[in-house]
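> what's the 3D shape of this:
(chains A and B)
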Amino acid sequence: DGGITQSPKYLFRKEGQNVTLSCEQNLNHDAMYWYRQDPGQGLRLIYYSQIVNDFQKGDIAEGYSVSREKKESFPLTVTSAQKNPTAFYLCASARQGYRAGELFFGEGSRLTVL
Amino acid sequence: SQKIEQNSEALNIQEGKTATLTCNYTNYSPAYLQWYRQDPGRGPVFLLLIRENEKEKRKERLKVTFDTTLKQSLFHITASQPADSATYLCALDSSGGSYIPTFGRGTSLIVHP
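The predicted structure follows:
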């Protein structure tokens, strides 16, 4: 079955540590996105990529980094520079070049800083 | 500044009634608007898309309207069921040719049996 897979589902981190969240899709989508969701908040865009080896900052990129070496994969690293990393992280994908396409979301990764 | 507003208070209705959720926006000229459903602890799931030149869209028990003059979309669920209880998010595209959807905070719907 085609879909988008995020791992791990739950992650605990000590302050000062970097962590990497995995996002893999087998939908053959060109575009991939990372959003952050806090309680009572909407989804805020961290990074997005519309093609392999290229990505752009979203509204809240500070303290995060990404890579897009393969079409299927768009991992997100939460660095120690991110001041408030505890949140629910959502990865999504969409067909490129089809401007009004729906987003397909993964099940999310919940990161807690201890 | 750009804003997408959805009612932050939960909407409580009785089973069988029609639920109506609102999405208002300012300083946007979206080419389309989308609605998603999100269950607790899960990723959003796409429901419907309506384009700027469409007034209304239907899918089974769902209906979406889009009024670009009022800058508002209404999302209706007819004959609501307890299984419809979830948070509903609206999303607008950012103008300028890039598909970068911006989401509202969502409205929680609770359907009581």
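> Sketch out the strands for chain B, chain order is fine.
With DSSP state E applied, chain B shows strands at B:3-6, B:11-14, B:19-26, B:32-38, B:45-51, B:56-59, B:62-67, B:72-77, B:86-93, B:101-103, B:107-112, listed in chain order.
> Redo those as TSV? Include mean neighbour count.
Yep, even glycine has a C-beta here, placed from its N, CA and C like the rest. As requested, the strands of chain B are arranged in TSV below (neighbours: other Cβ atoms under 10 Å in any protein chain shown):
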stretch	mean neighbour count
strand B:3-6	18
strand B:11-14	14
strand B:19-26	18
strand B:32-38	23
strand B:45-51	17
strand B:56-59	13
strand B:62-67	18
strand B:72-77	20
strand B:86-93	23
strand B:101-103	24
strand B:107-112	18
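> And those strands: which comes nearest residue A:56?
strand B:101-103 (14.1 Å; Cβ to Cβ).
> Could you check that closest one against chain A for contacts?
Yes: contact of strand B:101-103 with chain A (Cβ under 8 Å from any Cβ of the partner chain) involves B:101-103.
> contacting residues for the residue in chain B positioned nearest to chain A?
Taking Cβ to the nearest Cβ as the measure, the point where chain B comes nearest chain A is residue B:43, at 3.3 Å. If you count contacts by Cβ atoms under 8 Å, 6 or more residues apart in numbering or on different chains, residue B:43 has them with A:6, A:90, A:92, A:105-108.
> now, which of the residues you listed sits nearest chain B?
residue A:105 (3.3 Å).
> Tell me how many other residues surround that closest one.
By other Cβ atoms under 10 Å in any protein chain shown, the residues close to residue A:105 number 23.
> in chain A, which ranges drop under the pLDDT threshold?
Under the criterion pLDDT under 70, the flagged ranges of chain A are A:1, A:96-100.
> So what pairs up with the most centrally placed residue in chain A in the strands?
By Cα atoms, centre = their mean, the mean C-alpha position of chain A lies nearest to residue A:34, the distance being 2.9 Å. Counting by DSSP bridges, residue A:34 forms beta bridges with residue A:47, residue A:91.
> Run through the residues that contact it.
Residue A:34 neighbours (Cβ under 8 Å, 6+ apart): A:23, A:45-48, A:58, A:64, A:66, A:74, A:76, A:89-92.
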